[in-house]
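*Asks:* the sequence isn't on hand, but the structure is:
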């Protein structure tokens, strides 16, 4: 047991010694004078269209509706975990990495499969399948009509 | 650059280098540095077009948000084409704008550009002067495009008559490239081209 504690102990002592050298000397130029930095709220960035990037608080009303609808529709798309049984889906066409056991997947109505993270990022910009260009919402609506 | 963009370009680069099109010398891709965010693409002019036997260089810049946004591509080689600016090389192609999809690759972009050379869309022009000439006087357009391919893209020598017109403007003290652009946009009429250059 003594063995286990030996080497970390010596390290700790050397650290303590370093901080024992009297009171800390503060470089006056390093002291921050004036008001504290402005309070920064991290605002999520949205992409109402593929080439438009805007923080959430600068979206027009129409864009807010569009984003909200997309968020809602994306949640209706089935997800799953890659278990290696599917012979069709082997790699994600967005990141071009092969699916690994345990990867979270999302399945589109056109039967194309992607990493959940990759396709969600894409669908927030454009609501079409990146492989077959099939509009995802149209396909979703027809699935509802037939089921 | 985010990891996904860089990782994808690495994979795509290998894919293009190994592909059949490269073996046939149709398209090539080169890295500018080891950062994988800037590449130089080369496409061969399609046969039976005014661009045949020419080699066209493209500047490809990969945005940090790739593949969610398209690569930024422009022609480095000067070209006379309705959908490509004869001045800046900017390209009007739907998949490089709003029709981009994340599953498209640099290989598909290069092949689409090659297809654009074979099938111009003058009703959706990038260069209005070229598009107008394409629609109103196709034979002059063809002659001009061939001439530009010969001069800038290493295509076969075409029409000596055009060269002599450029020489005569050069002898008047005008820059060769400017003289060529002026003559091309004015239907190879020396008087109108001179007037254009003076104004």
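*Replies:* Received, thanks. Source: prediction; values computed, not measured.
*Asks:* could you pull out the helices in chain B for me?
*Replies:* Ranges of helices in chain B, per DSSP state H, are B:3-18, B:20-23, B:106-118, B:128-136, B:138-152, B:160-171, B:176-185, B:190-198.
*Asks:* CSV please, covering these and showing mean pLDDT, distance to chain A and mean neighbour count.
*Replies:* In short, each C-beta sits where N, CA and C put it, glycine included. Shown next, in CSV, are the helices of chain B (pLDDT from 0 to 100; distance: least, C-beta to the nearest C-beta, whole Å; neighbours: other C-beta atoms under 10 Å in any protein chain shown):
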stretch, mean pLDDT, distance to chain A, mean neighbour count
helix B:3-18, 87, 5, 16
helix B:20-23, 73, 18, 12
helix B:106-118, 94, 11, 19
helix B:128-136, 96, 23, 18
helix B:138-152, 96, 30, 20
helix B:160-171, 93, 40, 14
helix B:176-185, 95, 30, 20
helix B:190-198, 93, 35, 15
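*Asks:* tell me where chain A has strands.
*Replies:* Counting by DSSP state E, chain A has these strands, from start to end: A:45-46, A:54-55, A:79-81, A:104-107, A:113-115.
*Asks:* among these, which is the most enclosed?
*Replies:* Most buried of those, by mean neighbour count (mean count of other C-beta atoms under 10 Å in any protein chain shown): strand A:113-115, with a mean of 24.
*Asks:* what is that strand packed up against?
*Replies:* Contact here means 3 or more C-beta pairs under 8 Å, 6 or more residues apart in numbering or on different chains; DSSP states H and E; on that basis strand A:113-115 packs against strand A:104-107.
*Asks:* partner strands of the strand it packs on, parallel or antiparallel?
*Replies:* The partner list of strand A:104-107 in its sheet, established with DSSP bridges, is strand A:79-81 (antiparallel), strand A:113-115 (antiparallel).
*Asks:* got the contact list for the last one?
*Replies:* This means strand A:113-115. Contact with strand A:113-115 is made by A:86, A:88-89, A:92-95, A:97, A:99, A:103-108, A:122, A:130, as judged by C-beta atoms under 8 Å, 6 or more residues apart in numbering or on different chains.
*Asks:* now do stretch B:16-23
*Replies:* Outside stretch B:16-23, the residues that touch it by C-beta under 8 Å, 6+ apart are B:27, B:28, B:29, B:106, B:107, B:110, B:111.
*Asks:* cutoff 10 Å now
*Replies:* Under the criterion C-beta atoms under 10 Å, 6 or more residues apart in numbering or on different chains, residues B:15, B:26-30, B:39, B:41, B:43-44, B:105-107, B:110-111, B:114 lie in contact with stretch B:16-23.
*Asks:* out of these, which is nearest to residue B:157?
*Replies:* residue B:44 (18.0 Å; C-beta to C-beta).
*Asks:* the closest one pairs with what?
*Replies:* With DSSP bridges as the criterion, residue B:44 is bridged to residue B:55.
*Asks:* so what's it up against?
*Replies:* Each residue near residue B:44 by C-beta under 10 Å, 6+ apart is listed here: B:21, B:24-28, B:51-56, B:114, B:117, B:153.
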